[in-house]
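Q: Let's see this in three dimensions:
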Amino acid sequence: EKVDLVAITVETFTARRAYEIADEFRKRKIPVILGGFHPTLLPEEALEHADSIFLHDAEWMWPEVLIDLKERKAIKQIYTSRAGIGQFPNFLPRRELFKGRGYLPITLMQFGRGCPFKCNFCAISSFFDRQHYTRSVDEVVREIKTQKNRYVFFVDDNIVANRAQSKELFKALIPLKIKWVSQGCIDMLEDKELMDLLVKSGCLGNVIGFESINPVDLKLMGKASNLRRNLVENNKFDNYESQINELKNYGLQTWAAFTLGHDWDSQESLVKTLDFALKHKFTFAAYNILVPYPKTPLYEKLKEEGRLLYDGKWWLHPEYRFNYAAFKPKLMSADELTEGVFEIRKVWNSNWSVLKRFFDLRTNMRSVERMVIYWIYNSLFQKEVFKKQGMHFGIK
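A: So this is what the prediction gives:
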């Protein structure tokens, strides 16, 4: 393609391939600008592969880049924007560009960005400095009304981070009669009004970061929100029992997300996590190896302790593979963590597991619609387990 400018959004997992693409275009004398999480957190590294970098969120200053290119015939080396969501009520995403490209039949949309919590492994907290930002509810409603698809995935980091604003959104969604899913925090159950509105607005379920079933791990990682209602009178962890029961009473199909490899995790605790998830018949579950993202407190801690692998830059190392441990765990080897988590994924996505988890009258069997969702997406996730394991990050 003959183009005037190449702009690439770079995540840590896509950095190596993004740099390869950027380097190739620069050889052709085409200017390249890199933006997104990774260049914002590691600007010096990104500048080695770009003519320009864009720090923080794009909406605030992207027109300035285009004006510089058109009028000055040159772009600045660094554009320093700010975090948040710019309001552009007269523009809508060009979703027709995704047609025929293998994307799932669901509309991706965003209401808010960022999260106020301080989990030590989370790059979102580092990028947004624990702040949370939202769009205008009217703007979101307008965008939804332009979509024929009535299934929406709000890709928010935590859609219930600001409960007052979330309630306003949910109230506005009720007359639209859509079905939606998002990502939320389990402490949303503390607010009954919020939960009632969430269900009435068409929520089918949420990705919820359980992260660990060990209260010591939860404290050390800074996931205080998971502990608020999990401490019973004698100050013992109740293993999420009451919250999971409430979620099922609301009819929500939960995608439980776990991070595995914390300092109190062992091979035995990995198996216990799987048993816990199977017992509660979660609709979906993600078993993620703990990842030391750059500029997070976890990364700095592991670096100081000399526990980082792959020269401390796993995202660029030619030997690193997707879903591999990038650090030395305390109670097992890196290979044991990698292999243990992959084995958990295989068991969870086995035909036996999918069939067993289906039989939950309050969630997966609550309606024909939910049954269809369960079988379609579990089938897709079964394939993904093997498709991505051990994937290379770059081509060269």
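Q: Return the residues in contact with the residue nearest the centre of the chain.
A: Taking C-alpha atoms, centre = their mean as the criterion, D157 is the residue nearest the geometric centre of the chain, at 6.4 Å. Listed by C-beta atoms under 8 Å, 6 or more residues apart in numbering, the contact partners of D157 are 112-115, 124, 183. No exception for glycine: its C-beta is placed from N, CA and C like everyone else's.
Q: From those, pick the one nearest L227.
A: Closest approach to L227 among the contacts of D157 (C-beta to C-beta): C115, at 16.4 Å.
Q: ok, the closest one to Q183 distance?
A: Using C-beta to C-beta, to the nearest Å, one gets 9 Å for the distance from C115 to Q183.
Q: And those two? Which one has more around it.
A: Neighbour count, other C-beta atoms under 10 Å: between C115 and Q183, C115 has more, with 23 against 20.
Q: Settle this for me: E139 is touching F91, isn't it.
A: No: between E139 and F91 there is no contact under C-beta atoms under 8 Å: 10.1 Å.
Q: These two: which has the busier surroundings?
A: More crowded of E139 and F91, by other C-beta under 10 Å: E139, with 15 against 8.
Q: Need the residues that contact the helix or strand where the more buried one lies.
A: If you go by DSSP states H and E, E139 is part of helix 137-145. By C-beta under 8 Å, 6+ apart, the residues outside helix 137-145 that reach it are 87, 89, 92-93, 107, 109, 111, 152, 165, 168-169, 172-173, 176, 178.
Q: Nearest to D51 among these?
A: D51 has its nearest neighbour among these in P93, at 26.3 Å by C-beta to C-beta.
Q: Just name whatever secondary elements the longest helix seen in the chain is in contact with.
A: Longest helix in the chain by number of residues (criterion: DSSP state H): helix 368-388. If contacts are counted by 3 or more C-beta pairs under 8 Å, 6 or more residues apart in numbering; DSSP states H and E, helix 368-388 sits against strand 284-289, helix 351-358.
Q: one more time with 10 Å, if that's ok
A: strand 179-184, strand 203-211, strand 284-289, helix 334-348, helix 351-358 (3 or more C-beta pairs under 10 Å, 6 or more residues apart in numbering; DSSP states H and E).
Q: burial count for V372?
A: Neighbours of V372 under the rule other C-beta under 10 Å: 10.
Q: now do the one 10 residues further on
A: Residues lying near Q382 (other C-beta under 10 Å) number 18.
Q: go on, L247?
A: L247 is flanked by 25 other residues according to other C-beta under 10 Å.
Q: ok, the closest residue to it other than its chain neighbours - contacts?
A: Spatial nearest neighbour of L247, chain neighbours left out: T254 (5.4 Å); criterion: C-beta to C-beta, 6 or more residues apart in numbering. T254 makes contacts with 184, 186, 205-208, 210, 243-244, 247-248, 277, 280-285, 363, as judged by C-beta atoms under 10 Å, 6 or more residues apart in numbering.
Q: ok, L34 touching P43?
A: Yes: the criterion here is C-beta atoms under 10 Å, and L34 meets it with P43 at 9.4 Å.
Q: In terms of neighbours, single out the busier of the two.
A: Set side by side, L34 and P43 show more neighbours around L34, with 27 against 16, by other C-beta under 10 Å.
Q: For G184, give the beta-bridge partners.
A: Residues in a beta bridge with G184, per DSSP bridges, are I208.
Q: Give me the neighbour count for it.
A: Per other C-beta under 10 Å, the neighbour tally for G184 reads 26.
Q: How about E48?
A: By other C-beta under 10 Å, 9 other residues sit near E48.
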